[in-house]
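Engineer: what's the 3D shape of this:
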Amino acid sequence: MTLALYRIDDRLIHGQVVLGWGQPLDAAFIVLVDDAIAGSEWERELYRMAVPPGMAVFFHAAAECPAVLARYRADPRPGILLTAGVAAMRAVVDAGGVSAVNVGGIHHRADRRQRLRYVFLSPAEEQELREIAARGPVVTAQDVPSARPVPLDELLHLEAAS
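Structural biologist: Next up, the predicted model:
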């Protein structure tokens, strides 16, 4: 297989990722791309505890993506790549080889506007998502596999009801 899912989710490794996405994809590993976590052994250990036995977790800073992604893409087992934010996913996309990006959860912050119940975006994040899509990947928002994928153009024109 390869990396079966490229997901932006600010909660990173949690039940919805491990069970909701990981089980249907039969994911054997997670690649977590986050500068702060990659540099903190304590945080890496916390995230390792969130995965079931037998599922590996690898941590990388965004700048490492061009050098390491080929290794994960060549792995015959399915895997999931996670970033907490749009900027880190853009670094992954800039490294090449990404055909689709899943916006799975970006939560409230003062500078963000709600687009879906699980997606809040700042103007800068909206622009970065447009730039990701312009590089080729299909960008959709989808919290769980059974939900309808919301295309980027539709997502950016939604105003979620409070």
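Engineer: please count neighbours and contacts with C-alpha atoms only from this point.
Structural biologist: Fine.
Engineer: the biggest helix by length in the chain - contacts with which helices or strands?
Structural biologist: Counting residues, the longest helix found in the chain (DSSP state H) is helix 123-134. Contacts defined by 3 or more CA pairs under 8 Å, 6 or more residues apart in numbering; DSSP states H and E place helix 123-134 against helix 86-94, strand 138-141, helix 152-157.
Engineer: if we use 10 Å, what do you get?
Structural biologist: Counting contacts by 3 or more CA pairs under 10 Å, 6 or more residues apart in numbering; DSSP states H and E, helix 123-134 is packed against helix 86-94, strand 100-105, strand 119-121, strand 138-141, helix 152-157.
Engineer: mean neighbour count and mean pLDDT added to the ones you listed, as a markdown table?
Structural biologist: As requested, those are exported to a markdown table (neighbours: other CA atoms under 10 Å; pLDDT from 0 to 100):
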| stretch | mean neighbour count | mean pLDDT |
| --- | --- | --- |
| helix 86-94 | 21 | 96 |
| strand 100-105 | 23 | 97 |
| strand 119-121 | 21 | 96 |
| strand 138-141 | 21 | 98 |
| helix 152-157 | 15 | 94 |
